[in-house]
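Engineer: Attaching a predicted model along with its sequence, questions to come.
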Amino acid sequence: MLKDTTNVSIEEIFRLHEEPINDKDKALIKRAYDFAMQAHEGQTRASGEPYFNHVVETAKNLARYGMDAESISAGLMHDTVEDGRATPEEIVENFGNDIAFLIEGVTKLGKVKYRGAERHVESLRKFLLALTKDYRVLMIKLADRLHNLQTLQYVRAEKRKRIALESLEVYAPLAHRLGIGKLKGELEDAAFPYVYPKEYAQVVEILKSKSAVTEGYLQKMQVRIDEALKKEKINNFRISMRMKHKYSLWQKLKRYDMDIEKIYDLGALRVVVPTIEDCYHVLGFIHSIWRPLPGRIKDFIALPKLNGYQSIHTTVFTGDGGITEIQIRTYEMHGRAEYGVASHFSYKENIKNTKFEDKPEKFVWIKQFHELEKENIIQKKNPEKIYKDMKQDFFSDRIFIFTPKGDVIDLPEDSSPIDFAYAIHSDVGDHAIACTINGKYSKLFTKLKNSDIVKIETKKDSHPSSKWNDYTKTTLAKRHIRQYLDSQEGIFSSILKRFK
Ligand code: MN
């Protein structure tokens, strides 16, 4: 039965990829497909369907996210050793070391020993480590998890909740940190009903009453913009509609007293054009058709969001009582917003073994994690506390702070100049005495705001005090402060001894 559908599902993998796949890559994927089918022959999943379907769905997800042929092939074979009948040697022999490395990485990621908070820490650590080696391992794992979430109803209740919660707490934030907005949204929506069933039902109910109307006027607007842009001779544009993901809608509703009337971006139109000039052209144009809501025009092209997101957002009165958001961006910005590091704009140049260590400026958080890991700090503390710290360090909302030279330091929200100083260098932190923020003389205990320009003043005989602990957010700063204080305690007690 499977054999008949072979060409159908493999063609689908090819079709889902945003770019055409060349013949050599197609041949590789086809070989991986056949290999996996054999390795899983006769096996079924909890749902009763052939096990092989699961790996095909994983590969489809990878294709949708524009991943390369090696990742898609590894995705097809990701369970062949663990659950199927293949051996690692066979994979090396038939597919080479690179693909074998990816499969091994994914298998290792899946093996988590602990439970509860300890489990979260363990998987988070493993993810971050995998990320520093080759981000494709993580992408395959995320694609695998997405399909597992989509078939979660067949899994026993207790395990269901655990997987869904872990997806919300670890997988989705990772996808977000990597800038893969689309994957983040899909993971969250798939996990949402299992973790918060009541709230999920509530959101579905709210959507039922609003979606049809919203979609109705979005469609009318889409036709109007389409005609107008053709007339304006803007070539090669694309207009699409998007409804907000359910989980992120719920997050927003919570901030607005669960009042759907206050949410203007339930649905949005997205206009994608070739150049930045076109973006502003389209903006002007749209405002000449529909009146914009004052104060709602956001130019994230000139001023990108923290994770690099670029786009122009404007909210307009649709004329028939509706209010809706329109997003305007270039193809490149769109690729980055949806696919993040996986976007072909980001990874084409170094398609193989993307090492995040090579781009420290972009991934300070990974570098910091690496330092903590090296010094074994992570293993020593109690798991609840580490998990909290790690979430704070890596997944909290970030602010970007500038040095006077224009270098960017990426810090958790509410960080202070002390965090900033330690992020530059431990010596700068250890001897910081004062600072200027945007040219104004300020205290080291000030809460920094996004895009502040900070200059730290140091003095050789100035040192951390225990009070600093109350004004730092990063584990890095806290650790250095503690190290200094501990060393002082050592000196102090040895002086005391001498006087005894
Ligand atoms: Mn799997």
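Structural biologist: Right, received. Where do you want to start?

Engineer: Distance from the helix or strand harbouring residue 456 to the middle of the chain?
Structural biologist: Element membership of residue 456, judged by DSSP states H and E, is strand 454-458. In terms of C-alpha atoms, centre = their mean, to the nearest Å, the centre of strand 454-458 is found 32 Å from the chain centre.

Engineer: So which elements touch that strand?
Structural biologist: Applying 3 or more C-beta pairs under 8 Å, 6 or more residues apart in numbering; DSSP states H and E, one finds that strand 454-458 makes contact with helix 417-424, helix 426-430, strand 432-437. Quick note: C-beta positions are derived from backbone N, CA and C, even for glycine.

Engineer: With the ion as the reference, name the closest of those.
Structural biologist: Nearest to the ion among the helices and strands packed on strand 454-458 is helix 417-424 (37.5 Å), distances taken as C-beta to the ion.

Engineer: Report the separation between the residue lying closest to residue 184 once chain neighbours are set aside and the ion.
Structural biologist: Leaving aside its sequence neighbours, residue 184 sits nearest to residue 175 (C-beta to C-beta, 6 or more residues apart in numbering; 4.0 Å). Separation of residue 175 from the ion (C-beta to the ion, to the nearest Å) stands at 17 Å.

Engineer: which residues sit in contact with residue 175?
Structural biologist: For residue 175, the contacting residues are 142, 181, 183-184, 187, 340, by C-beta atoms under 8 Å, 6 or more residues apart in numbering.

Engineer: Go over the secondary structure and confirm residue 473 is in a strand.
Structural biologist: No: with DSSP: H, G, I helix; E, B strand; the rest coil as the criterion, residue 473 is located in coil rather than a strand.

Engineer: Would you list the phi and psi of it?
Structural biologist: phi -110, psi -30 (degrees, to the nearest 10).

Engineer: Strand 432-437 and the strand holding residue 456, what's the angle between them?
Structural biologist: Relative orientation of strand 454-458 with respect to strand 432-437: 160 degrees, computed using axes from the mean of the first three to the mean of the last three C-alpha atoms, to 10 degrees.

Engineer: in its sheet, what does strand 454-458 sit against?
Structural biologist: Sheet pairing here is set by DSSP bridges, and for strand 454-458 it gives strand 432-437 (antiparallel).

Engineer: which parts of the strand it pairs with are buried?
Structural biologist: Judged by neighbour count using 16 or more other C-beta atoms under 10 Å, the buried positions of strand 432-437 are 432, 435-437.

Engineer: Give me the neighbour count for residue 441.
Structural biologist: 10 (other C-beta atoms under 10 Å).

Engineer: Pairing partners for the helix or strand encompassing it, with directions?
Structural biologist: According to DSSP H and E, residue 441 maps onto strand 440-442. Taking DSSP bridges as the criterion, strand 440-442 pairs within the sheet with strand 432-437 (antiparallel).

Engineer: Now do the strand it pairs with and helix 417-424, the angle between them.
Structural biologist: Interaxial angle of strand 432-437 relative to helix 417-424 (the same axes, to 10 degrees): 100 degrees.

Engineer: Residues contacting strand 432-437, please?
Structural biologist: With C-beta under 8 Å, 6+ apart, strand 432-437 has contacts from 417-418, 420-421, 441-444, 446, 448, 452-459, 462.

Engineer: ok so, going back, give me the distance between the residue nearest to residue 184 and residue 188.
Structural biologist: For residue 175, the distance to residue 188 equals 9 Å [C-beta to C-beta, to the nearest Å].

Engineer: Residue 25 too?
Structural biologist: Using C-beta to C-beta, residue 25 is found at 31 Å from residue 188.

Engineer: ditto for residue 469
Structural biologist: 34 Å.

Engineer: Would you mind telling me which of the two has more residues around it?
Structural biologist: Per other C-beta under 10 Å, whichever of residue 469 and residue 188 has more neighbours is residue 188, with 25 against 14.

Engineer: tell me the secondary structure for that one?
Structural biologist: At residue 188, secondary structure determined by three-state DSSP is helix.

Engineer: Please read off the pLDDT at it from the model.
Structural biologist: Looking at residue 188, its pLDDT is 96.

Engineer: Compute the number of surrounding residues for the residue lying closest to it once chain neighbours are set aside.
Structural biologist: Closest residue to residue 188 apart from its sequence neighbours, by C-beta to C-beta, 6+ apart: residue 247 at 3.7 Å. The local packing of residue 247 (other C-beta under 10 Å) involves 25 other residues.

Engineer: residues touching residue 247, list them.
Structural biologist: Counting by C-beta under 8 Å, 6+ apart, residue 247 touches 168, 185, 188-189, 191-192.

Engineer: picking that back up, buried only: go through the contacts of strand 432-437 for me.
Structural biologist: Among the contacts of strand 432-437, those classed as buried by 16+ other C-beta under 10 Å are 417-418, 420-421, 442, 444, 446, 448, 452, 454-458.

Engineer: Can you add pLDDT and distance to the ion and give the residues you listed back as CSV?
Structural biologist: Below are the buried ones among the contacts of strand 432-437 laid out as CSV (pLDDT from 0 to 100; distance: C-beta to the ion, whole Å):
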residue, pLDDT, distance to the ion
417, 97, 46
418, 96, 44
420, 94, 42
421, 95, 44
442, 93, 51
444, 95, 49
446, 95, 48
448, 93, 42
452, 83, 44
454, 92, 45
455, 94, 50
456, 96, 48
457, 94, 54
458, 94, 51
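
Engineer: Distance to residue 35 for those residues - can I get that in a markdown table?
Structural biologist: Shown next, in a markdown table, are the buried ones among the contacts of strand 432-437 (distance: C-beta to C-beta, whole Å):
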| residue | distance to residue 35 |
| --- | --- |
| 417 | 56 |
| 418 | 54 |
| 420 | 51 |
| 421 | 53 |
| 442 | 61 |
| 444 | 59 |
| 446 | 59 |
| 448 | 52 |
| 452 | 54 |
| 454 | 54 |
| 455 | 58 |
| 456 | 56 |
| 457 | 62 |
| 458 | 59 |
